[in-house]
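Trainee: okay, predicted coordinates and the sequence, questions at the end:
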Amino acid sequence: MAEAQNIPAGSTTAGSIAVAAESTVATRMSAPPSFDVADFPVPHGREEEWRFTPLARLRGLHDGTAVASGEGVKVEVEAPEGVTVETVGRDDERLGKAGTPVDRVAAQAYSSFEKASVVTVAKETVLTEPIRISVHGQGGVAFGHQVIELGAFAEAVVVLDHTGDAVLAANVDYVLGDGAKLTVVSVQDWDGKAVHVAQHNALVGRDASFKSVVVTFGGDVVRLHPRVRYAAPGGEAELFGLYFTDAGQHQEHRLLVDHNTPHCKSNVAYKGALQGQDAHAVWIGDVLIQAAAEGTDTYELNRNLVLTDGARVDSVPNLEIETGEIAGAGHASATGRFDDEQLFYLMARGIPETEARRLVVRGFFAELVQQIGLPDVQERLLAKIEAELEASV
Amino acid sequence: MATLEIHDLHVSVEAENGPREILKGVDLTIKQGETHAVMGPNGSGKSTLAYSLAGHPKYTVTGGTVTLDGEDVLEMSVDERARAGVFLAMQYPVEVPGVSVSNFLRTSATAVRGEAPKLRTWVKEVKSAMEQLQMDPAFAERNVNEGFSGGEKKRHEILQLELLKPKIAILDETDSGLDVDALRIVSEGVNRVRGTGEVGTLLITHYTRILRYIKPDFVHVFANGRIAESGGAELADVLENEGYDKYVKGGASA
């Protein structure tokens, strides 16, 4: 059920559970999914999928004026034995299997990229070391496409690291074979001016497990669209996210879990902290349980912690159910405020202001960080949270 | 010996039609080892006195002085006051989601004592203090004040009092909302701290009930933003029988 607590001024928390004959998740998009940018009109900002996004700051990614420059981003893949890393052309048949672009920028990325990277883990290969993909911005405009494919019963951890400065539109496909287990950590640790708009598509095979951890700290505008579909019954998806939105930053996470197949599970938990003037976080959580998806078990949650005045959160969970034969479905969204009374209480116990803030923010993220299950990522995250607090409090 | 001296304290709050004066010249001296009960009707400014001493930003001091052993308390930030030895047990303790009681207590003790308490002795110290206040050990893992009952919140305040060992303890209506058992347990906690002789206690209350458990050395009647009358413990008995009427009727011009 939707709940809203302590909503600070300048934030919205809306929620709905719809039992619909026709999917509003699909119909409220301004055009059906397509690989061709020409199938999407140039957005003007009032469309449902763009209404929170500052189009003027997308540096032309949405209207065709952004043109790839040579010095866009540098992609490096560091992979342990048993992994195949290839750079392929546009006609490679493995591209675009996990999902189709759903908005104009994703379609622009698909229409504009020249080379894609394909990382394959052969069936039954269990990696003990993570695959590290570094996407380093070099100040230019880039359109990217990446595919990570796991064969049946393969297991891998992928860390996708975004740093530097770039204007990047990209699609990333995760294809999981039957029984495969994939954990992907996508870290958006951009420099202050970067613009990053990407669609991440996961196609989860029979009895496969997909875990996505999205961590967004940097950039001017980051808009990510993690999406999950199931290729066969028995799949599980866990989508965790953590963001720390500072003054002037726009960080938008739009999720879709499409329960199109019976007996699949999904669990979504995103948490964000905001501080500073015009820090803006947007979270859209769409979960669709189609008529065929009996036995679905799903839960989604978004929590926001507003640390200062001037920040804004828009949180919209949306659960759409077309069958009553499910194991469970729920959602929750709440935006709380670290207020003067909490600060006073902690300070009245001798705790200095910066330490008090740190205590509250650490506590807020702790449970989620523990769920990631990758000690080195967890440590890096905690260090990053500390740095964020140091920098701006 | 620690002494808190309040002299001619004037405090205002921001109201709709400009600042409104609530404290109108409070004089009070509290020495280590003494217990002062400040009693008064609702709206007389008792809580304002408590929060002003702790430094709540809502209250503006417009005149007067507060010193702790000669140090200017009003110049100190909220956390500095706490570290200097002023403790406020709040009437309405604040929920702090995401921060566990155990983490909070340790962070607070570290700040007030100036160094992190040694883990082994600390665990023992907290455990025994919680036992004495009849608090379930599972309490330590809950978030600060989140979902606590009224009685649990007050025990948690007194637990902090026992662990932080302040020089001056201000207890703001600690008795409100407590049943007889909880009142007894909380009062015993206060008395353990008083028993050390190291704390000066300012007990703010509306009712005389708590004074059956915590015997004050001095009783002050608070009305219209200042102390209207002071006396010994016997003054509480007079108030018990006669109420606050004669002070309220006296008004600001009294």
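Mentor: Received it, and whenever you're ready, just let me know what you need. Predicted model, so just to flag it, every value in this text is computed and none were measured.
Trainee: partner strands of the helix or strand containing residue B:7 and their direction?
Mentor: Using DSSP states H and E, residue B:7 maps to strand B:3-15. Paired neighbours of strand B:3-15 in the sheet (DSSP bridges): strand B:18-31 (antiparallel), strand B:59-68 (antiparallel).
Trainee: can you pull the residues of the stretch 251-393 of chain A lying near chain B?
Mentor: A:305, A:336, A:340-342, A:344-353, A:355-356, A:359-360, A:362-364, A:366 (CB under 8 Å from any CB of the partner chain). For every residue, glycine as well, the C-beta is placed using N, CA and C.
Trainee: what's the burial count for residue B:237?
Mentor: For residue B:237, the tally of surrounding residues (other CB atoms under 10 Å in any protein chain shown) stands at 12.
Trainee: ok, so what distance separates it from chain A?
Mentor: Separation of residue B:237 from chain A (CB to the nearest CB, to the nearest Å): 33 Å.
Trainee: quick one, what contacts that residue?
Mentor: If a contact means CB atoms under 8 Å, 6 or more residues apart in numbering or on different chains, then residue B:237 has residue B:208 as its contacts.
Trainee: is it true that residue A:137 lies in a strand?
Mentor: Yes - the assignment for residue A:137 is a strand, going by DSSP: H, G, I helix; E, B strand; the rest coil.
Trainee: just send the strands paired with strand B:3-15 back as CSV, with mean neighbour count too.
Mentor: Putting those into CSV (neighbours: other CB atoms under 10 Å in any protein chain shown) gives the following:
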stretch, mean neighbour count
strand B:18-31, 17
strand B:59-68, 17
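Trainee: quick check on residue A:217: phi, psi?
Mentor: Residue A:217 has phi and psi values of phi -120, psi -50 when expressed as degrees, to the nearest 10.
Trainee: correct me, but it touches residue A:389?
Mentor: No - Residue A:217 is beyond contact range of residue A:389, at 11.7 Å (criterion: CB atoms under 8 Å).
Trainee: which parts of the stretch 151-254 of chain B sit against chain A?
Mentor: B:160, B:164.
Trainee: state the distance from residue A:58 to chain B.
Mentor: 34 Å.
Trainee: what's the local residue count around that residue?
Mentor: Close neighbours of residue A:58, defined as other CB under 10 Å, add up to 23.
Trainee: list the buried residues of the longest helix along chain A.
Mentor: In terms of residue count, the longest helix belonging to chain A (DSSP state H) is helix A:353-372. Residues A:355-366, A:368-369, A:372 are the ones in helix A:353-372 that count as buried (16 or more other CB atoms under 10 Å in any protein chain shown).
Trainee: what helices or strands is the host helix or strand of residue B:161 leaning on?
Mentor: In the assignment (DSSP H and E), residue B:161 maps to helix B:150-164. On a contact count with 3 or more CB pairs under 8 Å, 6 or more residues apart in numbering or on different chains; DSSP states H and E, helix B:150-164 meets strand B:86-89, helix B:101-113, helix B:119-132, helix B:180-195.
Trainee: list the contacts of that helix.
Mentor: A:349-350, B:82, B:87, B:89-90, B:92-93, B:101, B:105, B:108-109, B:112, B:125-126, B:129-130, B:132-135, B:139, B:144-145, B:148, B:169, B:171, B:174, B:177-179, B:182, B:185-186, B:189-190, B:192-193.
Trainee: let me see the mean pLDDT of that helix.
Mentor: On average, the pLDDT along helix B:150-164 is 96.
Trainee: let's see the helix or strand following that helix as PDB, backbone CA atoms only.
Mentor: Per DSSP H and E, helix B:150-164 leads on to strand B:168-172 as the next helix or strand towards the C-terminus. Extracted in PDB, the C-alpha atoms of strand B:168-172 (Å, rounded to 0.1, in the frame of the first residue of the first chain):
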ATOM      1  CA  ILE B 168      23.100  19.800  35.800                       C
ATOM      2  CA  ALA B 169      20.100  17.600  35.000                       C
ATOM      3  CA  ILE B 170      16.900  19.400  33.800                       C
ATOM      4  CA  LEU B 171      14.000  17.000  33.800                       C
ATOM      5  CA  ASP B 172      11.100  18.500  31.800                       C
END
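Trainee: direction included, what does strand B:168-172 pair up with?
Mentor: Partners of strand B:168-172 in its sheet, by DSSP bridges: strand B:86-89 (parallel), strand B:200-205 (parallel).
Trainee: do you know the pLDDT at residue A:27?
Mentor: 58.
Trainee: then residue A:24?
Mentor: So residue A:24 comes in at 61 (pLDDT).
Trainee: residue A:51 - how many residues pack around it?
Mentor: With other CB under 10 Å as criterion, residue A:51 counts 11.
Trainee: still on that earlier bit, just the buried residues of the strand holding residue B:7, please?
Mentor: Applying 16+ other CB under 10 Å to strand B:3-15 flags B:3-6, B:9-13 as buried.
Trainee: which residues touch that strand?
Mentor: B:19-32, B:45, B:48-49, B:52-53, B:58-69, B:73, B:86, B:167-168, B:200, B:202.
Trainee: quick one: mean pLDDT over that strand.
Mentor: 96.
Trainee: on that earlier part again, could the buried residues of strand B:3-15 be laid out in a markdown table, adding distance to residue A:66?
Mentor: Shown next, in a markdown table, are the buried residues of strand B:3-15 (distance: CB to CB, whole Å):
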| residue | distance to residue A:66 |
| --- | --- |
| B:3 | 70 |
| B:4 | 66 |
| B:5 | 68 |
| B:6 | 66 |
| B:9 | 64 |
| B:10 | 63 |
| B:11 | 59 |
| B:12 | 57 |
| B:13 | 54 |
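Trainee: ok and the residue in chain B nearest chain A?
Mentor: Closest residue of chain B to chain A, CB to the nearest CB: residue B:98 (3.1 Å).
Trainee: interface residues of the stretch 1-150 of chain B facing chain A?
Mentor: Residues of the stretch 1-150 of chain B lying near chain A (CB under 8 Å from any CB): B:54-57, B:77-79, B:81-83, B:87-88, B:90, B:93-100, B:103-104, B:107-108, B:111-112, B:143-144.
Trainee: what is the longest helix of chain A packed up against?
Mentor: Using 3+ CB pairs under 8 Å, 6+ apart: helix A:353-372 touches strand A:236-245, strand A:265-274, strand A:297-306, helix A:340-347, helix A:375-392, strand B:96-100, helix B:101-113.
Trainee: make a markdown table out of these and add mean neighbour count, distance to residue B:153 and mean pLDDT.
Mentor: Shown next, in a markdown table, are those (neighbours: other CB atoms under 10 Å in any protein chain shown; distance: least, CB to CB, whole Å; pLDDT from 0 to 100):
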| stretch | mean neighbour count | distance to residue B:153 | mean pLDDT |
| --- | --- | --- | --- |
| strand A:236-245 | 23 | 31 | 97 |
| strand A:265-274 | 24 | 26 | 97 |
| strand A:297-306 | 23 | 22 | 95 |
| helix A:340-347 | 22 | 11 | 94 |
| helix A:375-392 | 15 | 28 | 84 |
| strand B:96-100 | 22 | 12 | 88 |
| helix B:101-113 | 20 | 11 | 97 |
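Trainee: out of those, which gets nearest to residue A:138?
Mentor: helix A:375-392 (22.2 Å; CB to CB).
Trainee: so how far is the closest one from its chain's centroid?
Mentor: From the chain centre to the centre of helix A:375-392 is a distance of 19 Å (CA atoms, centre = their mean, to the nearest Å).
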